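# Just to be clear, the model below is a prediction. Sequence and coordinates:
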Amino acid sequence: MRRTMLKSKIHRATITGSDLHYVGSITVDPDLLDAADILPHEQVHVVDVDNGSRFETYTIAGERGSGVIQVNGAAARLVHTGDTVIVISYADYSREDLADYAPTVVHVDRSNAIIQVDDAVDVLLTEARVPGASTGSAIGGASTGSATGGASTGSATGGASTGSATGGASTGSATGGVEAFA
């Protein structure tokens, strides 16, 4: 049996434009495609965090280093410039493939520059990011985070988790370790 699983995602990218009269697709900076292991013309799902719309399309490569995330064709009606989106790719895996399964999560800033690339399943369980927020998770280590005007979340297994937030909320958990939030 094969299972369709998350392969990778570009998390909390910012829409830089839209072109209703283009043939279709989503134009993405090749740096982001490479980091997320998404090929040009690969099927992706796009989720708009701001308005809840969700659609399928395919990718085309934009200008490298530009940070472009542009929705084209009819789907351009579903997003607005400045919206926060998640671009998701899936793949089919055999039971054997799942033994060392690890999806890739590409975190970007508001200008779509890569902040961090995670390739561990546990990162999917610790994401509660808001604009201006910091998140972290660690297994057998430490996790720290801080944010001004936002939220900070962290978790650690067998280690320590610390974080602080000014003008926002701070939450955290630690298993077999130390937890401190201020």
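The structure has been received and is ready for your questions.
# hey, let's count contacts and neighbours off CA atoms from now on
Noted.
# now this protein, which segments are flagged as low pLDDT?
121, 123-182 (pLDDT under 70).
# could you redo the last one with a cut-off of 80?
120-182 (pLDDT under 80).
# ok, which stretches of it are helices?
With DSSP state H, the ranges of helices along the chain come out as 30-35.
# domain ranges for it?
The chain breaks down into these domains under automatic domain parsing: 2-121, 126-181.
# in the sheet, who's paired with the nearest residue to residue 42 once chain neighbours are set aside?
Among residues not flanking residue 42 along the chain, residue 58 sits closest, at 5.2 Å (CA to CA, 6 or more residues apart in numbering). Each beta-bridge partner of residue 58 is listed here, defined by DSSP bridges: residue 43.
# What's the local residue count around residue 58?
As a burial measure, residue 58 scores 18 neighbours (other CA atoms under 10 Å).
# isn't residue 102 right next to residue 119, touching?
Yes - between residue 102 and residue 119 there is a contact under CA atoms under 8 Å: 5.5 Å.
# still on that earlier bit, so the residue nearest to residue 42 sits against residue 33, correct?
No - the pair residue 58 and residue 33 does not pass the contact test of CA under 8 Å, sitting 11.7 Å apart.
# Which residue is the nearest non-sequential neighbour of residue 2?
Closest to residue 2 by CA to CA, 6+ apart is residue 94, at 4.6 Å.
# about what we covered before: shared neighbours of residue 58 and residue 33, which are they?
Common neighbours of residue 58 and residue 33 (criterion: CA atoms under 8 Å, 6 or more residues apart in numbering): residue 40.
# Pull the residues that contact the longest strand along the chain.
Ranked by residue count and defined by DSSP state E, the top strand of the chain is strand 2-14. Contacts with strand 2-14, where a contact means CA under 8 Å, 6+ apart, come from 32, 36-38, 49, 69, 81-95, 102-112.
# Now, of those residues, which are buried?
32, 36-38, 69, 83-90, 93, 102-110, 112 (16 or more other CA atoms under 10 Å).
# Just the ones of those in strands?
Those of those mapping onto strands are 69, 84-90, 93, 104-108, per DSSP E.
# Looking at these, which two lie furthest apart in space?
Within those, 84 and 93 form the most distant pair, 28.9 Å apart (CA to CA).
# would you put the C-alpha positions of stretch 66-77 in CSV?
This file holds the C-alpha atoms of stretch 66-77, laid out as CSV (Å, rounded to 0.1, in the frame of the first residue of the first chain):
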residue,chain,number,x,y,z
SER,A,66,13.4,37.8,-6.0
GLY,A,67,11.2,36.3,-3.3
VAL,A,68,8.4,36.1,-5.8
ILE,A,69,5.2,34.2,-4.9
GLN,A,70,2.7,35.2,-7.5
VAL,A,71,-0.7,33.5,-8.2
ASN,A,72,-1.7,33.4,-11.8
GLY,A,73,-4.9,32.6,-13.7
ALA,A,74,-8.3,32.1,-12.1
ALA,A,75,-6.8,31.4,-8.7
ALA,A,76,-5.6,35.0,-8.6
ARG,A,77,-9.2,35.8,-7.5
